[in-house]
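Novice: Predicted model and sequence below, questions to follow.
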Amino acid sequence: MNDTRALLVAGWHVDPERNMLTKGADERRLEPRVMDLLVYLARHPGEVIDNDRLIRNVWPHQFVSDTAVQTAVSHLRRAFGDNPRHATVIETVPKRGYRLIASTNAASLVVAVLPFRGTADPALVDGLTDAVIGDLGASDTLRVLSRHSAMLFRERRVPLPEIADQLNASYVLDGSLQVDGDRVGVSIQLVDASQDTVVLAKSYSAKFTQLWSVAANITRDIAAQLGASPTKVAVTHTQVSEEALDAYLHGRFYWYQLNPELFSKALERFEAAIAVAPEFGAAHAGIADVWGALGYWGTMPTHAVRAPLLEALQRALSAEPDSAEANMIAGAAHFYLDHSWQAARDALDYATQLNPNLGHAHLQRGLLGATLGEPTALDAMDRAVRADPLNPTCHYARAFCLAGTENLNAARASLDRTFELAPAFPPGLELQSDIAWITESPQALALERALWTQDAAIRALLDDADANPPKALLHAADELKNRSSYVSPRRIARLLSLGGDPDRALEVLHAAFLSDDLFQIDFLQLEPAFERVRILPAYRQLADAMGLP
């Protein structure tokens, strides 16, 4: 690799080119296949990696059996003098795989792609940033931070080494973009944060419609510089007109604001893109994203979003079957709409195979696993946090899964980190209130009031609730249920359950299921507010109908 820092594992110098381990005068030779295994494990320290993933990524063009993997692991252990019964280097996690638990410096190969700068349209600048993050993330030997964490440093108010320190990144990509007529000019600098030195500087020029080709070239140059595995740029976007590309980039720009009030603008722009480029897969994926968000966050009933979501998803996958983003959306659709758990697993796992650094796919996989009671759920959540360490959504989702397993102290710790990043993060505030109610905290009512600051009617009911808080929650549920505008049945059932009427809560949820309006299956299984519902005998019937454990 071109990175000048030596690879160290458990105090041994690892030389992949010579297939040697060295510590002082002691040298130990490894077979090439065993060395490949060691390097891969070192690039993913602390992760539990199963045989299928090892075979797929370490020996992709060879026939390797599970027995051969076990043999290679045994050779590695002998080389390090590691006792599998009391492992200090490689741990076997029964029925799940292997994990490198020894100290290593390999994880320092973390790249942060900062938002490109320039006077061009922000949607264009962000579009190039997103494309480089997505393409570079397809390398299995780099850890590339996801969009949200990098975008926090748009203004560059602190020096690059300080940004790298906050992101725990060893390399920072700093770039600029300029537009001249129908062409774009891009300049990049790849900075080694530990040395504060530029290790790669390059300029690119292309037509506006070739923006993704520029991103792919930047990605390949960075991967070559760092000695990373060649990036498998998973998607070759359909060549589209300037009009279609401009509309798509603005759609993504509005989408990434994650503001429901801007979802209509995002949808309008994505639809404008496919109006002039009907086979534009990424634009169809954008449409599916918007409909999915409207359903998940209870803005619209599930039956209203189902058809447009699935139609857009089908067209996205037809155009670009190897799109990590489209497969991630497919996994979510199988999870929340179809309740097809294996299909959801397969789609999400394929998304992370295409892009191992796709933080939101790991988050979705964690929510799916937690909903189904899988022991690997928190591993997926930890991968999401590593991919996007400054994203409050990742820390909240981890807290949500922990609360679902009744590990409330750990859930509170993850919530604390959520609020450090976003003090008024609405889902986090709701989970905090849930935990307070079920633990009978005296702060519960005050925390609940904080959830309803934008709803005068509910807030008024809660402000008068000191004498009988449960009764006020039941009145609040009735207030929501009687409104003419759409209200998610989950919100109504939550208040009923917390207010001490789990039977009515279950009735609301069951009716929602029968009318195809029960999108948030993960909340049903994991949210602390529904613990009184989950212990009802009749809940088992609803869970069975959805195939839940």
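Specialist: In hand now; what should we look at? Here the structure is a predicted model, which is why all the values come from computation and not from measurement. Residues are numbered from 1 along each chain as shown.
Novice: what's next to stretch 363-370, contact-wise?
Specialist: Contact partners of stretch 363-370, identified using CB atoms under 8 Å, 6 or more residues apart in numbering, comprise 328, 331-332, 335, 341, 344-345, 348-349, 352, 374, 376-381, 383-384, 393-394, 397-398, 400-401, 404-405, 522, 525-526. (C-beta placed from N, C-alpha, C; glycine too.)
Novice: same question, stretch 496-505
Specialist: 434, 437, 470-474, 476-477, 493-494, 508, 529-533, 535-536, 538.
Novice: From the contacts of stretch 363-370, keep the buried residues only.
Specialist: 328, 331-332, 335, 341, 344-345, 348-349, 352, 374, 376-381, 383-384, 393-394, 397-398, 400-401, 404, 522, 525-526 (16 or more other CB atoms under 10 Å).
Novice: quick one: average confidence on the helix or strand where Phe523 lies?
Specialist: In this assignment (DSSP states H and E), Phe523 forms part of helix 521-526. Across helix 521-526, the average pLDDT comes to 95.
Novice: That one - contacts with which helices or strands?
Specialist: helix 359-371, helix 392-404 (3 or more CB pairs under 8 Å, 6 or more residues apart in numbering; DSSP states H and E).
Novice: Following element in sequence after the first one, please.
Specialist: Past helix 359-371, further along toward the C-terminus, the next helix or strand under DSSP H and E is helix 377-387.
Novice: packing partners for that following helix?
Specialist: On a contact count with 3+ CB pairs under 8 Å, 6+ apart, helix 377-387 meets strand 143-144, helix 359-371, helix 392-404.
Novice: So what are the sheet partners of the shortest one and their directions?
Specialist: What that stands for is strand 143-144. strand 110-113 (parallel) (DSSP bridges).
Novice: mind giving me CSV with the helices and strands packed on helix 377-387 and columns for distance to Ile218 and mean pLDDT?
Specialist: As requested, the helices and strands packed on helix 377-387 are exported to CSV (distance: least, CB to CB, whole Å; pLDDT from 0 to 100):
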stretch, distance to Ile218, mean pLDDT
strand 143-144, 12, 89
helix 359-371, 20, 97
helix 392-404, 26, 96
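Novice: and the ones you listed, which is most packed in?
Specialist: Comparing these by mean neighbour count (mean count of other CB atoms under 10 Å), strand 143-144 comes out on top with a mean of 28.
Novice: And the next helix or strand past that one?
Specialist: Next element after strand 143-144 (DSSP H and E): helix 147-151.
Novice: In contact with the closest residue to Gln520 other than its chain neighbours, which residues?
Specialist: Spatial nearest neighbour of Gln520, chain neighbours left out: Arg490 (5.2 Å); criterion: CB to CB, 6 or more residues apart in numbering. By CB under 8 Å, 6+ apart, the residues touching Arg490 are Gly298, Leu509, Ala512, Leu518, Gln520, Phe523, Leu524.
Novice: Count the neighbours of the spatially closest residue to the second one that is not a sequence neighbour for me.
Specialist: So that's Leu509. Closest residue in space to Leu509, ignoring its immediate chain neighbours: Ala493 at 5.0 Å, by CB to CB, 6+ apart. A total of 30 residues lie near Ala493 under the criterion other CB atoms under 10 Å.
Novice: Name all residues that make contact with Ala493.
Specialist: Here Ala493 is in contact with Ala477, Ala505, Leu506, Val508, Leu509, Ala512, Phe530, Val533 (CB under 8 Å, 6+ apart).
Novice: Could you measure from it over to Gly281?
Specialist: 37 Å (CB to CB, to the nearest Å).
Novice: can you check His475 too?
Specialist: With CB to CB as the criterion, His475 and Gly281 are 48 Å apart.
Novice: quick one on the thing from earlier: return the per-residue confidence for the residue nearest to Gln520.
Specialist: 97.
Novice: Check the one 4 residues further on too.
Specialist: What the model reports for Arg494 is a pLDDT of 98.
Novice: State whether it is indeed within a helix.
Specialist: Yes - assignment of Arg494 by DSSP: H, G, I helix; E, B strand; the rest coil places it within a helix.
Novice: my read: it touches Pro528, true?
Specialist: No - using CB atoms under 8 Å, Arg494 makes no contact with Pro528, being 9.9 Å away.
Novice: Give me the phi and psi angles of Ser103.
Specialist: Main-chain torsions, Ser103, degrees, to the nearest 10: phi -70, psi 140.
Novice: What count of nearby residues applies to the spatially closest residue to it that is not a sequence neighbour?
Specialist: Leaving aside its chain neighbours, Ser103 sits nearest to Ala10 (6.3 Å; criterion: CB to CB, 6+ apart). By other CB under 10 Å, the residues close to Ala10 number 19.
Novice: same thing with Asn407?
Specialist: For Asn407, the count of nearby residues is 15 (other CB under 10 Å).
Novice: Please apply the same query to the one 3 residues further on.
Specialist: Taking other CB under 10 Å as the neighbour definition, Ala410 ends up with a count of 15.
Novice: ok, and the closest non-adjacent residue to it?
Specialist: Leu402 (4.6 Å).
Novice: Buried only: go through the contacts of Arg490 for me.
Specialist: For those, buried by 16+ other CB under 10 Å: Gly298, Leu509, Ala512, Leu518, Gln520, Phe523, Leu524.
Novice: and the nearest residue to the first one once chain neighbours are set aside, how far is that from Gln210?
Specialist: Distance criterion CB to CB, 6+ apart; nearest residue to Gly298, sequence neighbours excluded, is Ser488 at 2.8 Å. Summarising the geometry, the distance separating Ser488 from Gln210, computed by CB to CB, is 43 Å.
Novice: and the residue nearest to Ser103, what does it touch?
Specialist: By CB under 8 Å, 6+ apart, the contact set of Ala10 is Phe80, Thr88, Val89, Ala102, Ser103, Thr104.
Novice: Quick one: buried ones out of those?
Specialist: Here, 16+ other CB under 10 Å leaves Phe80, Val89, Ala102, Thr104 buried among the contacts of Ala10.
Novice: possible to save those residues as JSON lines with pLDDT?
Specialist: Below are the buried ones among the contacts of Ala10 laid out as JSON lines (pLDDT from 0 to 100):
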{"residue": "Phe80", "pLDDT": "93"}
{"residue": "Val89", "pLDDT": "92"}
{"residue": "Ala102", "pLDDT": "88"}
{"residue": "Thr104", "pLDDT": "81"}
